[in-house]
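J.: Attaching a predicted model along with its sequence, questions to come.
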Amino acid sequence: MSAIHAGKRHGDDGPGATLEGTWHGNGIDREGTTWLWKLTLEHDRSKLKGAFQWTGSRGQRGTEHVRGEFDPAARSFILKGIDVEHADRVGPNTYFGRVGEDFVSLVGYWIDWEPGVFLGTKR
């Protein structure tokens, strides 16, 4: 895809084709802990930055700041935890995921701490 095509910015597949905004979801890790999360993201071309707010079923809490990249052709992203604040048994993770064609749903997994899977929607 060219940098500019049909009046669209590079990496923009049409209206709403951005990860920017607020996402909500849940997940589960391999130890059986369920997680609720809220992710606020900024999206500038292929770059992503934002923060997860995590709440675990075993009392864990924390805000994890992340940075990453988005591949619009594959609709895939990678987010890397930079630091965690206000944390109680929450640590930085690396996340791999894919956004749906609708750009309002996503699925993925994380690999650090206790690996797990997640899904979410944009609101």
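T.: Received, thanks.
J.: In this protein, spot the strand with the most residues.
T.: strand 76-88 (DSSP state E).
J.: how far out from the middle of the chain is that strand?
T.: A distance of 9 Å separates the centroid of the chain from that of strand 76-88, by Cα atoms, centre = their mean, to the nearest Å.
J.: mind listing what W110 touches?
T.: If you count contacts by Cβ atoms under 8 Å, 6 or more residues apart in numbering, W110 has them with 27, 29, 93-96, 116-118. (Each C-beta comes from the backbone N, C-alpha and C, glycine too.)
J.: Columns pLDDT on top of those residues, output as TSV?
T.: Formatted as TSV, these follow (pLDDT from 0 to 100):
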residue	pLDDT
G27	98
D29	97
N93	95
T94	98
Y95	98
F96	98
G116	97
V117	98
F118	98
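J.: which of those sit farthest apart?
T.: Greatest spatial distance among the contacts of W110 (Cβ to Cβ): D29 and F96, at 14.8 Å.
J.: residues making contact with stretch 50-68?
T.: For stretch 50-68, contacts defined as Cβ under 8 Å, 6+ apart pick out 33-42, 47-49, 77-90, 92-93, 95.
J.: one step back: in strands only, show me the contacts of W110.
T.: Judged by DSSP E, strands contain the following of the contacts of W110: 27, 29, 94-96, 116-118.
J.: between the residues you listed, which has the most around it?
T.: Among those, the one with the most neighbours (other Cβ atoms under 10 Å) is Y95, at 23 neighbours.
J.: That residue contacts G108, correct?
T.: Yes: contact criterion Cβ atoms under 8 Å: Y95 and G108 qualify, at 5.7 Å.
J.: List the pairing partners of the helix or strand containing L106 within its sheet, with orientation.
T.: If you go by DSSP states H and E, L106 is part of strand 105-110. As defined by DSSP bridges, the strand partners of strand 105-110 come to strand 94-99 (antiparallel), strand 116-122 (antiparallel).
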